[in-house]
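> sequence and predicted structure below; questions after.
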2 protein chains.
Amino acid sequence: MAKDLNISMLYDFYGDLLTEKQQEVIELYYNEDLSLAEIASHSGITRQGVRDSIKRAEFQLTEFEEQLGLAQRFYEIKSKLEEIKKNAFEIEQINSRLYGSKEIDMRVLEIKSLAQKVAEL
Amino acid sequence: MAKDLNISMLYDFYGDLLTEKQQEVIELYYNEDLSLAEIASHSGITRQGVRDSIKRAEFQLTEFEEQLGLAQRFYEIKSKLEEIKKNAFEIEQINSRLYGSKEIDMRVLEIKSLAQKVAEL
């Protein structure tokens, strides 16, 4: 079983809909990067039990995303925000090279800071 | 029972996690704006049954939002995007008044169009 980056992302969105037990194994496996054997010895269940539990949780996270598609929506928002920042940066460059307008600079900074805040939401 | 705008929003996010029956009553009540009596006669259950069903669905939608907070996250993103558009518009005004730079204009348009795309996601 390969660790999948997407599961971490889905867990970030839908983790709170999982049971506490499921949240624990997913966190240990994906966020703490423990092995199945380590999680097994830590939680007093078998290695196979841990594997089943992770599989079930992964399936449910994938199902939530198939039903709601919110992680995908956020992913697209973030990528558009990157493009907005790139354009704001280019305006800053053009302005600094040609006009040196403080009024434009102020607004470029504001756009970059707003885009940054969205990225952190 | 007052119709609450927020329920429509939460339904937009989490509706697919409700049962088909619940989705139906919520859609008739919130999106089609039918009365409890109209929904009752349409679905062949009592008015009280419809009311209970809506109440349960509303409770669940609210619970999903309390657990995941994704509607709130989107709401904040959209409000930041509005501010980005406002700043881009101001740059456009300043540029058109003082410099008439096509290079800046192009990028302002790009930012406005990206912000619009995010608003529609």
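Looks like it arrived, so ask away. Numbers count the residues shown, from 1 in each chain, chains lettered A, B, ... in the order given.

> contact residues of chain A facing chain B?
Counting by CB under 8 Å from any CB of the partner chain, the positions of chain A adjacent to chain B are A:13-14, A:16-17, A:64, A:67-68, A:70, A:73-74, A:76-77, A:80-81, A:83-84, A:87-88, A:90-91, A:94-95, A:98-99, A:101, A:103-104, A:107-108, A:110-111, A:114-115, A:117-118, A:121. Heads up, the C-betas are built off the backbone N, CA and C, glycines and all.

> just the buried members of the residues you listed?
Buried by 16 or more other CB atoms under 10 Å in any protein chain shown: A:13-14, A:17, A:64, A:68, A:70, A:73-74, A:77, A:80-81, A:83-84, A:87-88, A:90-91, A:94-95, A:99, A:101, A:103-104, A:107-108, A:110-111, A:114-115, A:118, out of the residues of chain A next to chain B.

> residue ranges with poor pLDDT in chain A?
Along chain A, the parts satisfying pLDDT under 70 run over A:1-5.

> redo that, cut-off 90
The model of chain A has pLDDT under 90 over residues A:1-6, A:31, A:42-44, A:73-75, A:118-121.

> show me where it has its helices.
A:5-14, A:20-26, A:36-43, A:47-68, A:70-94, A:102-120 (DSSP state H).

> between these, which gets nearest to B:Arg47?
Closest of the helices of chain A to B:Arg47 is helix A:47-68, at 30.2 Å (criterion: CB to CB).

> list the helices and strands that closest one packs on?
helix A:5-14, helix A:20-26, helix A:36-43 (3 or more CB pairs under 8 Å, 6 or more residues apart in numbering or on different chains; DSSP states H and E).

> if you set the cut-off to 10 Å instead, what comes out?
helix A:5-14, helix A:20-26, helix A:36-43, helix A:70-94, helix B:5-14, helix B:47-68 (3 or more CB pairs under 10 Å, 6 or more residues apart in numbering or on different chains; DSSP states H and E).

> output the last one as CSV, nothing but the C-alphas.
Right, helix B:47-68. The C-alpha coordinates for helix B:47-68 follow below in CSV (Å, rounded to 0.1, in the frame of the first residue of the first chain):
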residue,chain,number,x,y,z
ARG,B,47,-47.5,18.3,7.1
GLN,B,48,-45.9,17.4,10.5
GLY,B,49,-43.9,14.7,8.8
VAL,B,50,-42.6,17.2,6.3
ARG,B,51,-41.7,19.6,9.1
ASP,B,52,-39.9,16.9,11.0
SER,B,53,-38.0,15.8,7.9
ILE,B,54,-36.9,19.3,7.2
LYS,B,55,-35.8,19.9,10.8
ARG,B,56,-33.7,16.7,10.8
ALA,B,57,-32.1,17.7,7.5
GLU,B,58,-31.4,21.2,8.8
PHE,B,59,-29.9,19.8,12.0
GLN,B,60,-27.6,17.5,10.0
LEU,B,61,-26.5,20.2,7.6
THR,B,62,-25.6,22.4,10.6
GLU,B,63,-23.7,19.5,12.2
PHE,B,64,-21.7,19.0,9.0
GLU,B,65,-20.7,22.6,9.0
GLU,B,66,-19.9,22.6,12.7
GLN,B,67,-17.6,19.6,12.1
LEU,B,68,-16.0,20.8,8.8
